[in-house]
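K.L.:
The sequence and its predicted three-dimensional model are supplied below.
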Amino acid sequence: MLEEESDKIFLDTNLSPFQLEIDWESPPKFDEYPDEEEVVIHEVEENVKDEPMKEIIAEETIVPVAGKIARAEPMDKEDRRNFGIYPHFENVFTCLALFNSLISPLNSFPWVINGLIDAIISIRRLSRFLSCPEHEPEKTGKSPALSCAKDHSDMAIIIHDACCTWSSSDKQDLDLILDYVTVHLPKGSLVSVIGEVGSGKSSLLNLVLGEMRLISGSVHSSGSIAYVPQVPWILSGTLRDNILFGKDYNPLRYSDVLQACALKVDIAQMVGGDLAYISEKGVNLSGGQRARLALARAIYCGSDIIMLDDVLSAVDAQVARWILYEAILGPLMNQQTRILCTHNIQAISCADIVVVMDKGRVKWVGHPADLSTSSLEFSPSKEFNIWSQVHAQERSGSTSTEAKEITIPESDCIHASEAPEQVSEEELRKEGRVEPTVYKHYAAFAGWFITIVTCLSAILMQASRNGNDLWLSFWVDVTGTNKKGYPTSFYLVVLCIFCAINSLLTLTRAFSFAFGGLRAAIQVHDKLLKKLIDAPIIFFDQTPSGRILNRYIDKILVIMPFLFGICRVFAVIIAVVVYLQQTAVILDYNIELSTKSKILQFYYRSTSRELRRLDSVSRSPIYASFTETLDGLSTIRSFKSEGFFMDRFTRNVTSYQRTSYSEIIASLWLSLRLQLLAAFVVSFIAVMAVFGSRSNISFFMDTPGLVGLALSYAAPVVSLLGSFLTSFTETEKEMVSVERVLEYMDVPQEELHGYQQLDPEWPLQGQIEFQNVTLRYIPSLPAALKDVSFIIPGGMQVGIVGRTGAGKSSVLNAIFRLNPTCQGRILVDGMNIADVPVRHLRSHFAAVPQTPFLFEGSLRANLDPFRVNDDCKIWKALENCHVKEEVESAGGLDIHVKGFGTSFSVGQRQLLCLARAFLKSSKVLCLDECTANVDTQTASKLQNAISSECRGMTVITIAHRISTVSNMDNILILDQGVLVEQGNPQILLRDEKSRFSSFAKASTM
C-alpha cells in the first residue's frame, strides 16, 4: 500500500506544472539558479530505480521528502515572481484575441445598463396606466326609490341622486361637480339645459356619457347616444369622412343632413366640395363650420339620444334659427331624445322640458312656460323677456324665408368640378445619400472644437491600442527566438505607457463625446423651437402635430449615437490598417475581399438608408392618430366607434412595423454574408500560415509573433468588417434624423423685423384703417377678405357681424399679421403694420381668441405671465369678468391649471382670457366671440364691464348675439369676405332694408 502511495506521489510530482514549465523554451537565466525542488525530485528519481531501496524510501523517507518538496515550492514561486513567467507565444495571442473580443461587450455594458433603466421606468409607467380601472360607459347602481317605482320604459334617461367628480383619486374629501342630481327625461323630448357659467351643464352630459366618476346614485340610459361637445372635435380627413364617421354612405340621408345643418352653402364654396380635406382639429374651418360639421355627424348617426353642448353659440342668429327648426326640431331628429345645453332664448322656448343647473345641482325642472313665472334667480325669461322677443308664428312659416336663402341645389355643392385641395401637405421624404452639408451642420451644433477633439482622441486612442498590440508582438518575437533584448522592465514600462496613454485618450474621447452630444442636443432643441415659434400660422395649419412631435423625437434619438458611430468608424479603420499591414503579402486576396465587402455595403447602405427614412415618416401618422384620438375620446365612446379607431391605429402601427421589420431583416442579411466572409478569411490565413512556406507561394510571416498577430486580428474579422460597414451605414442612417430636423429649420419664417423706429408707447390713439385689403390663406383657395376698406377711429368700440365663414376672424388675423395680406395696407395710427416688427405689434395689442386657451401651470402665471401686476389688480380684473367667486372657491391665484385649461369650463376659460386681456392694458383690444359660451345674463354684465373698463381703448368685437354689439359705436357687416354694410347699429336697426336689421329680426323670431 505504501508503495502505491509513493508511486502516486512521484506520478503527481512528475505531472506538476513546475515540471511541465521546465523545457527548452525557458530563458537561460533560469539555468543559472538551480531549482531546489528540481534537485530533490532528481535525487528521489535516481534512488527509486533501485528496487531494494523502494521499501526503505516508502517506509522511512516518504514524509520527509514530501515535506522538503513542499518547502521548496514557495521559494520557487518567489523566484518566479522575481524573474516572470514566459508563456508560449500562441497563448499570448490567444489571450489577446479573447481580450479584444471582450472590448465591444464591455463598451456596450453602460448602454445596456441605461437601456435596462429606461425599460424599468417604462414598464412601471405602463403598469400604472394599465392598472387603472377601465372606462365604464354606464355605471348603474341600485336605488330604493327606483326599485319601488313603476315601469320607466318611456324614459330615455334616468338620473337618481347622482354625485360625481372628475377626479380619479380615492380620497374621501373629493370636490363634487354634480351633487345629488335627479332628472327623469322622457323619450322623444327636447330638453334644454340652462344655467350660469360653471353651473354644471356640460358635466351633466358627461355624466350620462359615463365620462365622470360616479360616487353614488345611479344613471340609466335607454338606446344609443350621439354627442356634440362644446368644443367640436374634427377628424383630419375629408368633410364627408367626418360626417359618415365609419358609417355607410346613404346619399339621400347625407343630402338631407347637409341641408338641415346649413352646410351646402359652405360646401359649394370649398374646392373639392364635400371631398375637401379638413386639417387636424378643423383649423381650415371657421368655428361655426366646425360646430355644424359635428352636428351633422351626430344627426347622420341616427342615435336614439342626441346630446348637444351649446352648438348654437358658434353660429350667427340666422343660421342658429335655421338649425333649431330644420335640424333639432326637424324631421331628422324629432323622434329622438335631444338634450341641448344652450343660452339661446328660442331654443329654450321651444323645449319640452327645461332643466336649470346651479352650482352642480338641479335647481328646477319643468315646462318653459312655467319658467317665466318661477321665482328663480336665474330666469332668462325674467331678465330678457323671452316672450316679448319670440314671435308667435308657425314654425313652417317662420322658416320659409331662411330656407330659400340657404337651400343650394345638390349638384352645386356636393359634387364639385374641381379636384379637392388638400390643405395638409404630405410629409416629404428625401431620396439618395445624405448630403455632406448635414454632417457639417451637426458638427456645428456640437461645436467644431469638440468635434475635432472627439475625432482626434478617437483616432489616437485606437492607434495607442493597436500600438500596444504591436509592442506585445515585438516582445514575444524577441523572447521567443532567444534574441538578446532589453531588460524585462523596459518592455513592461513601454507597455504601461501605452496603457496609460490609451486610458487617457479613452477618457478624453468619452468626455468630449458626452459634452459634444449634450451641446448638440441643446443647440438643436433651441434652434428648432425658435424656428417653430417663428413659423407662420399656415405652417401649423398644414402640418399635423404628430409630424412635428416625430421630428422632435428624431432629434432626441440622434444626439448621442452620431458621435459614437463616428468613433467606431475611426476605430475600425485603424484596426483594418493593422490587419492589412500584417497580411500585406496576400494583398491581392484582401483587395478581392474588400471588393466583395464594398458590394455588400452598397446594397445594404442604400437599402437601410431609405428604410430609415420610411421608418421616420411612418411614425408620424401614429403620433398624429394617437393625439387626435385622445382629444376626441368622449365623442368616440359616445358613438361606439372604438373599433373603427382601433383599426385605424392598427393600420398605422402595421405600416410602421413593416418598415422597421424590413430594416432588421436588412441588417441580418448583411450579418450572414459578413460571417461567411469572415470564416473564409480566418481559414485562409490559418492555411497560409501552415502551408505557405512549404509551397511555391511567397509568404513572409517568418516569425511566430507576426503569425500570432495576424491570426488574432483575423479572428475578429466579423466585427472588423461588420463594424466598418455598419458603423458607416448606421452613422448615415442616424444622420437621416438630423436631415429631417434641418428640414424644419428651413421652414418659412414670419417677417419679424420691421423698418420703422417706433415709440415705446405706440399706438397712442389706436386708430385702425384698412385700405383695399385682400387676404388669402392658401394661394389655391378663395380669398378670405376681398378688397376690404374701413376706418376705426381711436377709442371707438366696433362690432363685426356676419354669417359663419364670412371672414370676421380674418380681420383680426390681418391686424395681428397672423397671415400676410395679398394686397392693400393696414394702418395703425397712420403707420403701416407691415413695417412694424411683429413682436412689437402683437405685444402692444390684446386679444381674446374664439377658442380660449390656458397653459398648464398656476392661474397667476396664466393671467399675468410677466408678473407686472399686483394681486389687487388681478382680483379686480377677475371681479370685472365675473369669475372671482369661482377662482376663490377653487383655491385662489396659485391653483394649478391643467393642460389646455381643462380645470375650468369653456365659459370660465373665456372669462379668464378676458381678464388676462384687461390686465394687459393695451390700446387696442380684439374680442373674438369672447362671450359666446356664457349665459345671456353674464354676457350683458361683461358688456357693461367692457364699456366701463375699456374707455379710451379701441375695441373690436366679433359676436353673433345682436345684443352684444347693439350698443357699439359702429358696426361692420361682412359676407363672403366682402364688407357689405357699416354704420351706427341704432340707425341700421331702424332701416328695415339693412342687413343688420334682418339679422336682428332673425335672432328674435
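P.N.:
On my side now, so go ahead. Numbers count the residues shown, from 1 in each chain.

K.L.:
going forward, measure contacts between C-alpha atoms and count neighbours the same way
P.N.:
Will do.

K.L.:
where's G223, which helix or strand?
P.N.:
Per DSSP states H and E: G223 is located in neither a helix nor a strand.

K.L.:
Now for it, how many residues are close by?
P.N.:
13 (other Cα atoms under 10 Å).

K.L.:
I'd like to know how many residues surround the residue lying closest to it once chain neighbours are set aside.
P.N.:
Closest residue to G223 apart from its sequence neighbours, by Cα to Cα, 6 or more residues apart in numbering: D304 at 5.3 Å. By other Cα under 10 Å, 19 other residues sit near D304.

K.L.:
quick one, what contacts D304?
P.N.:
222-226, 336-337 (Cα atoms under 8 Å, 6 or more residues apart in numbering).

K.L.:
how about those residues, which pair is most distant?
P.N.:
S222 and A226 (12.5 Å; Cα to Cα).

K.L.:
Domain boundaries for this structure, per the record?
P.N.:
The chain breaks down by automatic domain parsing into domains covering 2-86, 153-413, 436-687+696-745, 783-1004.

K.L.:
Would you tell me which of the ones you listed gets closest to R128?
P.N.:
So among the domains of the chain, domain 153-413 is nearest, using Cα to Cα, at 13.2 Å.

K.L.:
just to revisit the earlier point, which of S222 and A226 has more residues huddled nearby?
P.N.:
Of the pair S222 and A226, A226 is the one with more neighbours under other Cα under 10 Å, namely 26 against 15.

K.L.:
which ones are touching D352?
P.N.:
The neighbourhood of D352, defined by Cα under 8 Å, 6+ apart, consists of 189-192, 367-368.

K.L.:
between those, which is nearest L329?
P.N.:
L190 (8.3 Å).

K.L.:
for this structure, which helix is longest?
P.N.:
helix 642-691 (DSSP state H).

K.L.:
Check which helices and strands that helix is in contact with.
P.N.:
Taking 3 or more Cα pairs under 8 Å, 6 or more residues apart in numbering; DSSP states H and E as contact, the helices and strands that helix 642-691 lies on are helix 587-631, helix 704-714, helix 717-745.

K.L.:
any idea which of the ones you listed scores lowest on pLDDT?
P.N.:
Lowest mean pLDDT within the helices and strands packed on helix 642-691: helix 704-714, a mean of 60.

K.L.:
three-state assignment of the residue nearest to the spatial centre of the chain?
P.N.:
Nearest to the mean C-alpha position of the chain, counting by Cα atoms, centre = their mean, stands L549 at 3.8 Å. Three-state call for L549 (DSSP: H, G, I helix; E, B strand; the rest coil): helix.

K.L.:
which residues are in contact with stretch 107-124?
P.N.:
With Cα under 8 Å, 6+ apart, stretch 107-124 has no contacts at all.

K.L.:
Alpha carbons of it, as CSV, please.
P.N.:
Listed next in CSV are the C-alpha coordinates belonging to stretch 107-124 (Å, rounded to 0.1, in the frame of the first residue of the first chain):
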residue,chain,number,x,y,z
ASN,A,107,-18.0,49.2,-24.1
SER,A,108,-21.7,48.3,-24.6
PHE,A,109,-22.2,47.4,-20.9
PRO,A,110,-23.0,51.0,-19.8
TRP,A,111,-25.5,51.3,-22.7
VAL,A,112,-27.1,48.1,-21.6
ILE,A,113,-27.5,49.5,-18.1
ASN,A,114,-29.1,52.6,-19.4
GLY,A,115,-31.4,50.5,-21.6
LEU,A,116,-32.4,48.4,-18.6
ILE,A,117,-33.1,51.5,-16.5
ASP,A,118,-35.2,53.0,-19.3
ALA,A,119,-37.0,49.7,-19.7
ILE,A,120,-37.8,49.5,-16.0
ILE,A,121,-39.1,53.1,-15.9
SER,A,122,-41.2,52.5,-19.0
ILE,A,123,-42.6,49.2,-17.6
ARG,A,124,-43.5,51.0,-14.3
